[in-house]
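J.: got a structure for you, letters missing:
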């Protein structure tokens, strides 16, 4: 199960989520522990004064001890506490749990017992340690019982809560109903003083009441987080899965693979990089296939000629010395053609891979162009074409003179071979804004716009049915392009059906040197 990226991401997300929720819950409990304890003390402490007022009112109304005991029991059951009725000597007369009957508690005899304030409640609180239990005892904050309108309202509120729980006696209700809230008065301290008691562990463990709520909230948060994590991990893994499948298809030779590049995250950038790589690999694969096909085609004609003449010589079909000379000349020419093809391939591969050494020295561009043009005089005489030089004042360029001669020779050779009889070739050069621009133009040839970007490919032929003449290897323009790029320059081709074709080379000029 954990072998997939999605499952591992989900497990990692779940671990982080559970750890975060656990730490949050522990931190929440730690921060709210004291708050919950104080809230529990406030809840119990608020009952001390209303219960004491109730007992005082009942004694003032000459209600019997049995009714007072029943009222104490009502309070205890309704508010889930223990109520102790203590006489003047500190003896417990009534314990709603009956455990401390007859025992002595000295809360009221403790001098200087501080008043505790929790929220809006004030009360006195002390610990009682018995033989088998530890209690917290709560009493009113003041000895004197002032029955003001506010205290009467508080008492009525408590009585309403008792009635709502069904624990209030008729005696209490009658006494409260007969009170006038507009006449504040002081009540006598009851002979049976009430104390509200709770287990100390119940107060100190009040924070545990948060655990069920936190557990429910944590469970809901965990479920929602895990669902979100599952969706996120599935989204990430599915996108990466498409990359994996596309890479696998490429390993099987299916190079036409493209991914959805949406998104600015790492996966989106990976998809875009993969698409670029796939196009490059596909193009390189196609170029390799074309190269093999073109090399095979280029070698087929000379090999056929060499095989045919050598076989004729071996079988005695050639007998005269003149025929032998002609056969030897053709075999030599075809061999030289094959050698040039291989040398050009090696040279081009070195240029493309960066292994070819390109020297950096001042080059007289004017002299280079005139030298290259002079090499084609005899070809121009045979074809009847004319070559014109229009060279302005050219500065020196920084580069490899031999490589630049090779590039410009290939460009002029390409123009000569594609110029019809009686056509014209022009070589123009000028320097402007730190750039030397050389244009080689010939009339009579036309390259369609959709083929212009391919003229610098290896063995590119505009006419696929034409067999290449012995004058070229089909690599001249590709080599020229690589040489120009190695000199930080640019080369482009333009073509017009009426005016012909032009190749433009731009090279950076070394401004410190000029011709």
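T.: Perfect, thanks for sending it. No experiment lies behind these values; they were computed from the predicted model shown. Numbering: from 1, shown residues only.

J.: Point out where the stretch 101-250 of the chain drops to low pLDDT.
T.: 106-112, 131, 146, 148-149, 151-152, 154-156, 159-183, 204-210 (pLDDT under 70).

J.: Show me where it has its strands.
T.: 115-118, 121-129, 134-140, 145-147, 185-187, 193-199 (DSSP state E, counting those that start in this stretch).

J.: Deepest-packed of these, please.
T.: Highest mean neighbour count of these: strand 193-199, a mean of 24 (counted as mean count of other C-beta atoms under 10 Å). C-beta: built from backbone N, CA, C; applies to glycine.

J.: Check which helices and strands that one sits against.
T.: helix 5-60, strand 82-86, strand 134-140 (3 or more C-beta pairs under 8 Å, 6 or more residues apart in numbering; DSSP states H and E).

J.: Tell me which of these lies nearest to residue 158.
T.: helix 5-60 (4.2 Å; C-beta to C-beta).

J.: So what's the model's average confidence on that closest one?
T.: Regarding helix 5-60, the rounded mean pLDDT is 78.

J.: tell me how far it is from the chain's mean position?
T.: 39 Å (C-alpha atoms, centre = their mean, to the nearest Å).

J.: Show me which residues of the helix or strand just after it are buried.
T.: Using DSSP states H and E, the helix or strand that follows helix 5-60 in sequence is helix 65-79. Buried residues in helix 65-79, defined by neighbour count with 16 or more other C-beta atoms under 10 Å: 68-72, 74-76, 78-79.

J.: pLDDT averaged over helix 65-79, what's the number?
T.: 82.

J.: That helix versus strand 193-199: what angle between them?
T.: Put simply, helix 65-79 runs at 30 degrees to strand 193-199, going by axes from the mean of the first three to the mean of the last three C-alpha atoms, to 10 degrees.

J.: Could you tell me the phi and psi values at the spatially most central residue of the chain?
T.: Central residue of the chain (C-alpha atoms, centre = their mean): residue 265, 4.1 Å from the mean position. In terms of degrees, to the nearest 10, the main-chain angles of residue 265 are phi -90, psi -170.

J.: Against residue 236, how distant is it?
T.: Distance from residue 265 to residue 236, counting by C-beta to C-beta, to the nearest Å: 9 Å.

J.: likewise residue 507?
T.: 49 Å.

J.: Also residue 116?
T.: In terms of C-beta to C-beta, residue 116 sits 56 Å off from residue 236.

J.: Residue 404 now?
T.: 52 Å.

J.: In terms of neighbours, single out the busier of these two.
T.: residue 404 (26 against 16; other C-beta atoms under 10 Å).

J.: contacting residues for the more buried one?
T.: 363, 365, 368, 397, 483, 487 (C-beta atoms under 8 Å, 6 or more residues apart in numbering).

J.: The fourth one: how many residues sit nearby?
T.: Meaning residue 397. The number of residues near residue 397, taken as other C-beta under 10 Å, comes to 23.

J.: And it, how far from residue 483?
T.: 12 Å.

J.: go on, the second one?
T.: Separation of residue 365 from residue 483 (C-beta to C-beta) stands at 14 Å.

J.: Neighbour count: the two, which is higher?
T.: residue 483 (27 against 24).

J.: Can you tell me the closest non-neighbouring residue to the more buried one?
T.: Nearest residue to residue 483, sequence neighbours excluded (C-beta to C-beta, 6 or more residues apart in numbering): residue 407, at 4.0 Å.

J.: Wait, that neighbour touches residue 486, no?
T.: No - taking C-beta atoms under 8 Å as the contact criterion, residue 407 and residue 486 are not neighbours in contact, 9.4 Å apart.

J.: quick one: which of these two has more around it?
T.: residue 407 (28 against 18).

J.: got a list of what that one touches?
T.: Neighbours of residue 407 in contact, by C-beta under 8 Å, 6+ apart: 479-480, 483-484, 505.

J.: For this protein, just list every one of the helices.
T.: Assigned by DSSP state H, the helices in the chain fall at 5-60, 65-79, 149-165, 170-177, 200-204, 210-251, 266-315, 321-353, 365-374, 377-383, 401-417, 476-486.

J.: Could you save those as JSON lines and add columns showing distance to residue 499?
T.: JSON lines is the format used below for these (distance: least, C-beta to C-beta, whole Å):
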{"stretch": "helix 5-60", "distance to residue 499": "60"}
{"stretch": "helix 65-79", "distance to residue 499": "108"}
{"stretch": "helix 149-165", "distance to residue 499": "106"}
{"stretch": "helix 170-177", "distance to residue 499": "116"}
{"stretch": "helix 200-204", "distance to residue 499": "101"}
{"stretch": "helix 210-251", "distance to residue 499": "44"}
{"stretch": "helix 266-315", "distance to residue 499": "30"}
{"stretch": "helix 321-353", "distance to residue 499": "30"}
{"stretch": "helix 365-374", "distance to residue 499": "20"}
{"stretch": "helix 377-383", "distance to residue 499": "19"}
{"stretch": "helix 401-417", "distance to residue 499": "13"}
{"stretch": "helix 476-486", "distance to residue 499": "19"}
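
J.: out of these, nearest to residue 440?
T.: Closest among the helices of the chain, once you apply C-beta to C-beta, is helix 401-417, at 4.5 Å.

J.: What residues sit buried inside that closest one?
T.: 401, 403-417.

J.: Of these, just say which sits nearest to residue 496.
T.: residue 415 (14.6 Å).

J.: With adjacent residues omitted, what lies nearest to that closest one?
T.: Residue 415 sits nearest to residue 442 (C-beta to C-beta, 6+ apart), 3.8 Å away.

J.: Just give the number of residues close to that neighbour.
T.: So residue 442, with other C-beta under 10 Å, has 26 neighbours.

J.: wait, what's in contact with it?
T.: Contacts of residue 442 (C-beta under 8 Å, 6+ apart): 415-416, 418-419, 423-426, 500-502.

J.: hang on, the earlier thing: next, format the helices and strands packed on strand 193-199 as CSV and append distance to residue 225.
T.: Putting the helices and strands packed on strand 193-199 into CSV (distance: least, C-beta to C-beta, whole Å) gives the following:
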stretch, distance to residue 225
helix 5-60, 4
strand 82-86, 44
strand 134-140, 40
